[in-house]
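1. just a sequence and a predicted model for now, questions to come.
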Amino acid sequence: MREWIKKHSEHLTLEGKSPLTVEGYAIDLIQFTEFMEINFPGTPPDKIDVTQIRGFLRDLSTNGVGNRSLARKIASLSSWFAFLRLHKVRTDNPMLKIRRPKYEKKLPRFFTEEEMELLLSIPDTSDKYGVRNKAMLELLYSCGLRLMELANLKLSDLDSRRKLIKVLGKGNKERMLPVGQKAMDSMNEYLKIRGEFVTDESSNRIFLTSNGRDFDAPQLKVILGRYIDLIARSKGYSPHTIRHSFATHMLNRGADIRSIQELMGHAQLSSTEIYTHLSLEDIKEAYEKGHPRSGE
């Protein structure tokens, strides 16, 4: 089983799945493997049946795993069994007989526009690190980027004249995004001093670490998270909250939901529609506070 999990991970990587997705699927599948080794030792992948899978999910539920996490593990197993069928290890996908549990989607948290203005003003641009970090924060908010998308940006992706940037998103799908003037100004300031980060080992990535190497998403989360902690430590916000803020603020100011979908690189409109629900909650709250008969 473990060998097929490794091959599955390699397959997902070749398909362009993000490293975090590949790692998450592998963790779920190893957990399933350990369950099988304890309860049904020696069972090969082609002999795993629906009863055993349901036993695994029931065991997780009994130990307090919520429906959201169960749904993710079912997705991991579905992908793996589909891979096994593709390679003729199995003739079926037993996950087709497994129902995904229903769960309420959590509304994404976001900064207010005032909080975003404060966050963007924090970096000290009197040194090169502050200049770089401000440019990263501005670009995240201006374009609604994921951290990995920010880390992967190359110098050739930025069209300063037209104020556009090419982004490689999930599934290796490219999208062209407009860059706001304030973000463009911060980017230009950073590009003037980018050479101070460059070493003989540096790539053509736009943003470089202190030793001139490429960033990865966890490194960016730590660096940018320090600024966020200064204004929202108690709220548990993260750099990804900036992406949610981008979508929420765009929607609140009248942007079309499908345009936001394209800007964010969502494959499904349903992923973007959650921001509509968020705005409806805000509208409802404002109504209940402001209408004289809202309580009747």
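-> Alright, I've got the coordinates. Everything numeric in this text was worked out from a predicted model, so none of it was measured.

2. buried residues in the helix or strand residue 135 falls within, which are they?
-> According to DSSP states H and E, residue 135 maps onto helix 128-143. Buried residues in helix 128-143, defined by neighbour count with 16 or more other C-beta atoms under 10 Å: 128, 131-143. Every residue, glycine included, has its C-beta placed from N, CA and C.

3. nearest to residue 252, of those residues?
-> For the buried residues of helix 128-143, the closest approach to residue 252 (C-beta to C-beta) belongs to residue 141, at 14.3 Å.

4. got the contact list for that closest one?
-> Going by C-beta atoms under 8 Å, 6 or more residues apart in numbering, residue 141 touches 116, 120, 183, 242, 245-246.

5. same deal with residue 227?
-> 119, 122-123, 133, 137.

6. let me know the closest of these to residue 218.
-> Checking those one by one against residue 218 (C-beta to C-beta), the nearest turns out to be residue 133, at 15.8 Å.

7. next one: the nearest residue to the closest one once chain neighbours are set aside from residue 203, what distance?
-> Nearest residue to residue 133, sequence neighbours excluded (C-beta to C-beta, 6 or more residues apart in numbering): residue 123, at 4.7 Å. In this view, residue 123 and residue 203 are 24 Å apart by C-beta to C-beta, to the nearest Å.

8. all helices for the chain, in order.
-> 2-14, 19-39, 50-62, 67-86, 113-121, 128-143, 147-152, 181-193, 217-232, 239-252, 257-264, 269-290 (DSSP state H).

9. in TSV: the ones you listed, plus mean pLDDT and distance to residue 97.
-> TSV is the format used below for those (pLDDT from 0 to 100; distance: least, C-beta to C-beta, whole Å):
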stretch	mean pLDDT	distance to residue 97
helix 2-14	92	20
helix 19-39	93	16
helix 50-62	94	5
helix 67-86	93	11
helix 113-121	95	47
helix 128-143	97	42
helix 147-152	94	34
helix 181-193	97	49
helix 217-232	92	36
helix 239-252	91	35
helix 257-264	89	32
helix 269-290	66	24
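
10. export those to CSV and append columns for distance to residue 209.
-> Formatted as CSV, the helices of the chain follow (distance: least, C-beta to C-beta, whole Å):
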stretch, distance to residue 209
helix 2-14, 23
helix 19-39, 18
helix 50-62, 38
helix 67-86, 31
helix 113-121, 21
helix 128-143, 9
helix 147-152, 10
helix 181-193, 14
helix 217-232, 7
helix 239-252, 16
helix 257-264, 26
helix 269-290, 31
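
11. list just the one of the ones you listed that sits closest to residue 208.
-> helix 128-143 (8.0 Å).

12. tell me what angle that closest one forms with helix 257-264.
-> With axes from the mean of the first three to the mean of the last three C-alpha atoms, to 10 degrees applied, the angle from helix 128-143 to helix 257-264 works out at 150 degrees.

13. which residue packs closest to residue 57, ignoring adjacent ones?
-> Counting by C-beta to C-beta, 6+ apart, the residue nearest residue 57 is residue 70, at 6.0 Å.

14. picking that back up, between the contacts of residue 141, which has the most around it?
-> residue 242 (26 neighbours; other C-beta atoms under 10 Å).

15. distance check, that one against residue 115.
-> 10 Å.

16. also residue 233?
-> 13 Å.

17. tell me which of these two has more neighbours.
-> Per other C-beta under 10 Å, whichever of residue 233 and residue 115 has more neighbours is residue 115, with 17 against 10.

18. break the chain into its domains for me.
-> 2-97, 113-287 (automatic domain parsing).

19. got those as JSON lines, with distance to residue 107 columns?
-> Formatted as JSON lines, these follow (distance: least, C-beta to C-beta, whole Å):
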{"stretch": "domain 2-97", "distance to residue 107": "13"}
{"stretch": "domain 113-287", "distance to residue 107": "5"}
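
20. now do the contacts for the closest residue to residue 164 other than its chain neighbours.
-> Nearest residue to residue 164 in three dimensions, chain neighbours excluded: residue 176, at 5.4 Å (C-beta to C-beta, 6+ apart). Residue 176 sits next to 164-167 when contact means C-beta under 8 Å, 6+ apart.
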